[in-house]
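Predicted model and sequence below, questions to follow.
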Amino acid sequence: MKEYIKARKRAFGYAFKGIAALFREEAHAKIHLCVAILVVIAGFLFRLSSCEWCAILICIGAVLMGEAFNSAIEALADKISPGYDPLIGKAKDLGAAAVLLFVFAAVAVGLIIFIPKILSFIL
């Protein structure tokens, strides 16, 4: 049982190391994090409901997760093929596309949640 707990602690350590690397080394992750912080601040200002918070937090988590997966794909691709390779390029493009597609969905969710609140505040 002790070894199991030690292994789980190590696994969490690796995960936190990955999170730190994501935000330290990946420019797009930093942008997503800044936007996420602004959205969370806006959520508090507009007093989001529990369901709205759930939608916002799932979107934030999914965008950051997608960015982490994309960064992992790029790192592996660069290790496998440091030079240009059309299939490696395609893999990188598809990874970036996956993140962008979810960003579009997250923006749509944000607009659905925040536009009525902004309009009721203005009007």
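Arrived safely, thanks for sending.

make it CA atoms for all contacts and neighbour counts henceforth
OK.

Please enumerate the helices of the protein.
2-25, 27-45, 50-80, 86-122 (DSSP state H).

if you compare those, which one is most tucked away?
Among the helices of the chain, helix 50-80 has the highest mean neighbour count (mean count of other Cα atoms under 10 Å), at a mean of 17.

coming back round to it: Throw the helices of the chain into JSON lines and include mean pLDDT, thanks.
JSON lines is the format used below for the helices of the chain (pLDDT from 0 to 100):
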{"stretch": "helix 2-25", "mean pLDDT": "95"}
{"stretch": "helix 27-45", "mean pLDDT": "98"}
{"stretch": "helix 50-80", "mean pLDDT": "97"}
{"stretch": "helix 86-122", "mean pLDDT": "97"}
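
Residue 67 and residue 29 touch, don't they?
Yes: with contact defined as Cα atoms under 8 Å, residue 67 counts as touching residue 29 (6.3 Å).

got the contact list for the residue nearest the centre of the chain?
Nearest to the centroid of the C-alpha atoms of the chain, with distances taken as Cα atoms, centre = their mean, sits residue 64, at 1.0 Å. Residue 64 makes contact with 29, 32-33, according to Cα atoms under 8 Å, 6 or more residues apart in numbering.

and which of the residues you listed is nearest to residue 108?
In terms of Cα to Cα, no member of the contacts of residue 64 lies closer to residue 108 than residue 32, at 15.3 Å.

how close does the closest residue in space to the closest one that isn't next to it in sequence get to residue 100?
In space, and not counting its chain neighbours, residue 32 is closest to residue 64: 7.0 Å by Cα to Cα, 6 or more residues apart in numbering. Here residue 64 is placed at a distance of 11 Å from residue 100 (Cα to Cα, to the nearest Å).

now residue 87
Where residue 100 is concerned, residue 87 sits at a distance of 20 Å (Cα to Cα).

try residue 44
26 Å.

Residue 56 against residue 110, yeah?
Yes: if you go by Cα under 8 Å, residue 56 and residue 110 touch, sitting 7.0 Å apart.
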